[in-house]
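**Student:** have a look at this fold, sequence not included:
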């Protein structure tokens with residue numbers, strides 16, 4: 001699986017970072033940085049929580 005961000009939708013609120021701080025980091029300029037683009041299955045629950053918490057629906061999970 002991999003993380004996909006729609007940067008046009010992302011507003012940098014940081015809800016994903018709050019849910020999954022080892023996967024996401026909001027930069028000082030408000031842009032979102034994915035720390036692990038292809039996390040292991042052990043991070044699935046954390047990643048799903050981050051995706052669900054995004055108020056702008058900018059995050060998605062793509063299965064490889």
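**Tutor:** Alright, I've got the coordinates. Keep in mind the model is a prediction, meaning the values are calculated, not measured.

**Student:** would you state the strands of the chain in chain order?
**Tutor:** Along the chain, counting by DSSP state E, strands occupy 2-5, 24-26, 32-34, 59-62.

**Student:** out of those, which one sits most buried?
**Tutor:** Across the strands of the chain, the average number of neighbours (mean count of other CB atoms under 10 Å) peaks for strand 24-26, which reaches a mean of 19. Where C-beta positions appear, they are placed from N, C-alpha and C, glycine not excepted.

**Student:** could you give me the average pLDDT of that one?
**Tutor:** Here strand 24-26 scores 97 as its mean pLDDT.

**Student:** got the contact list for it?
**Tutor:** 12, 13, 14, 16, 17, 32, 33, 34, 35, 50 (CB atoms under 8 Å, 6 or more residues apart in numbering).

**Student:** circling back to that earlier point, quick one: closest of the strands of the chain to residue 40.
**Tutor:** Nearest to residue 40, of all these, is strand 2-5, at 11.3 Å by CB to CB.

**Student:** widest-spaced pair of the contacts of strand 24-26?
**Tutor:** Taking CB to CB, the two most distant members of the contacts of strand 24-26 are 13 and 35; they sit 17.2 Å apart.
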